[in-house]
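Chemist: I would like the atomic coordinates for the input below:
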Amino acid sequence: MYDDHSELPRASARPYTRSRLLPPYRGVIAVDAKDFTGLPAIEHEVVSRAVPELLRLSLDRAGLAALWEDRKFSATTGDGYVIGCDPSLLPFVIHPWLYTLQEVLTEYNVHSLGAAPIRLRVSLHVGPLPDTGDEFGGNGTARNDTHRLLDSRPAKAVLAGSRSITQVVAVLSERCYQDAVASGYTGRHPDHFIEVPATVDGKRFAQQAWIYVPQPSGPLEDRHVLGEAADEGPGPDVHPQARPDGVRDVVRTTNRAPRGNINTGTVHGGQSVANHHVAGDQVGGNKAGKVRGYQGDRVHGDKNQGRS
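Modeler: Sure thing, here's the model as predicted:
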């Protein structure tokens, strides 16, 4: 019987059996084109080829040509692209590159008549990833999480809910945000970023993340995807239910008070208030319990007017 195993790939050491050096820390940049699968098949190759070229051009314009030339790993994903980079460059990736990418995509979409417009979701993360120098380089948890963030509900919903002038929606991992933004190294104030709970439909993935939109449009202050991150947690009338995928649903409940307010909770933790019998100004919008983020409430005049 043939039993020569010399040509079989050698398995690496099993985890948790001995200590080894960590791989180098890498910044990870991943992008996906909006509505790629909905395009006619004939346009798929055009978009797949255009995305890395738009990334290269925008990095060059932002003064980051070296990041593209010295990328630690890269790969196409069909509807997107992923790059590994020196993590010290992440503050410059967040700003000015994301804004420059917005400008480059705007130019492309305006001047590429007949071509499908390209609007991108971008995710940024950092973590230890191996540099093997071949097609298998850059594989690891940090890269997997980068793609999960890219597919997260908030990233998709914010881009889908934005107007056509918004070409880029970025989602930063908590670690990327803390290291590059909260630390003060990025040329953007933390108030430009919205904290969100990043979950992915059908995946056991749930992390805190941060949304950044270089050119916002639409009613971002009412964006339901902020979820519980816009509150201090569910109120007493919001009851989380467990789902098989580990993501919590919230049951909609309605409370009634005679000649008072009708208070209805929403699926994502917001509140709408209707006041039919008590004098005073109407309050509308999303109640958000955090100072960071966008607030939807505006109260004009004396809200106590008419009360005894």
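Chemist: pLDDT weak spots in the stretch 201-308 of the chain?
Modeler: Where the stretch 201-308 of the chain drops to pLDDT under 70, the residues are 219-308.
Chemist: Mind jotting down where the helices sit in the stretch 101-250 of the chain?
Modeler: Ranges of helices within the stretch 101-250 of the chain are 141-150, 153-161, 174-176, based on DSSP state H, counting those that start in this stretch.
Chemist: Including mean neighbour count, could these go into CSV?
Modeler: To be clear about C-beta, it is placed using only N, CA and C from the backbone, and glycine gets the same treatment. Output for the helices of the stretch 101-250 of the chain, formatted as CSV (neighbours: other Cβ atoms under 10 Å):
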stretch, mean neighbour count
helix 141-150, 21
helix 153-161, 20
helix 174-176, 20
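Chemist: Can you redo those as a markdown table, where the extra columns are distance to Leu21 and mean pLDDT?
Modeler: Rendered in a markdown table, the data for the helices of the stretch 101-250 of the chain read as follows (distance: least, Cβ to Cβ, whole Å; pLDDT from 0 to 100):
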| stretch | distance to Leu21 | mean pLDDT |
| --- | --- | --- |
| helix 141-150 | 16 | 97 |
| helix 153-161 | 33 | 94 |
| helix 174-176 | 20 | 98 |
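Chemist: ok, and what's touching stretch 59-66?
Modeler: With Cβ atoms under 8 Å, 6 or more residues apart in numbering as the contact definition, stretch 59-66 has outside contacts at 67-68, 89, 92-93, 96-97, 100-101, 103-104.
Chemist: buried residues in stretch 74-85?
Modeler: Under the neighbour-count criterion of 16 or more other Cβ atoms under 10 Å, stretch 74-85 has 74-75, 77, 79-85 buried.
Chemist: moving C-terminal of the lengthiest helix in the chain, what's the next helix or strand?
Modeler: The longest helix of the chain (DSSP state H) is helix 41-61. Counting by DSSP states H and E, the element after helix 41-61 in chain order, helix or strand, is helix 65-69.
Chemist: elements contacting the helix or strand following that next one?
Modeler: Where DSSP H and E defines the elements, the next helix or strand beyond helix 65-69 is strand 73-76. Judged by 3 or more Cβ pairs under 8 Å, 6 or more residues apart in numbering; DSSP states H and E, the packing partners of strand 73-76 are helix 41-61, strand 80-85.
Chemist: what do you get if the cut-off is 10 Å, keeping everything else the same?
Modeler: Here strand 73-76 is seen to pack against strand 25-33, helix 41-61, strand 80-85 when contacts are counted using 3 or more Cβ pairs under 10 Å, 6 or more residues apart in numbering; DSSP states H and E.
Chemist: Looking at those, which is nearest to Ala157?
Modeler: strand 25-33 (13.8 Å; Cβ to Cβ).
Chemist: and that closest one, which residues are buried?
Modeler: 26-33.
Chemist: about what we covered before: would you turn the helices of the stretch 101-250 of the chain into TSV with distance to Leu55?
Modeler: Putting the helices of the stretch 101-250 of the chain into TSV (distance: least, Cβ to Cβ, whole Å) gives the following:
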stretch	distance to Leu55
helix 141-150	14
helix 153-161	17
helix 174-176	18
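Chemist: looking at those, which is closest to Val110?
Modeler: Of the helices of the stretch 101-250 of the chain, nearest to Val110 by Cβ to Cβ is helix 153-161, at 18.3 Å.
Chemist: by contact count, what packs against that closest one?
Modeler: Judged by 3+ Cβ pairs under 10 Å, 6+ apart, helix 153-161 is in contact with strand 25-33, strand 120-128, strand 168-173, strand 193-199, strand 206-212.
Chemist: Can you say which of those strands is nearest to Leu55?
Modeler: Comparing these under Cβ to Cβ, the one sitting nearest is strand 25-33, at 6.9 Å.
Chemist: strands paired with the closest one, and their directions?
Modeler: Paired neighbours of strand 25-33 in the sheet (DSSP bridges): strand 80-85 (antiparallel), strand 120-128 (antiparallel).
Chemist: Report the beta-bridge partner residues of the nearest residue to Asp145 once chain neighbours are set aside.
Modeler: Spatially, and ignoring its direct neighbours in sequence, Asp145 is nearest to His125 (5.8 Å; Cβ to Cβ, 6 or more residues apart in numbering). For His125, the beta-bridge partners are Val28 (DSSP bridges).
Chemist: Helix, strand, or coil at Gly78?
Modeler: Classification of Gly78 by DSSP: H, G, I helix; E, B strand; the rest coil places it in coil.
Chemist: Now do the contacts for it.
Modeler: Neighbouring residues of Gly78 by Cβ atoms under 10 Å, 6 or more residues apart in numbering: 32-33, 36-37, 44-45, 47-48, 51.
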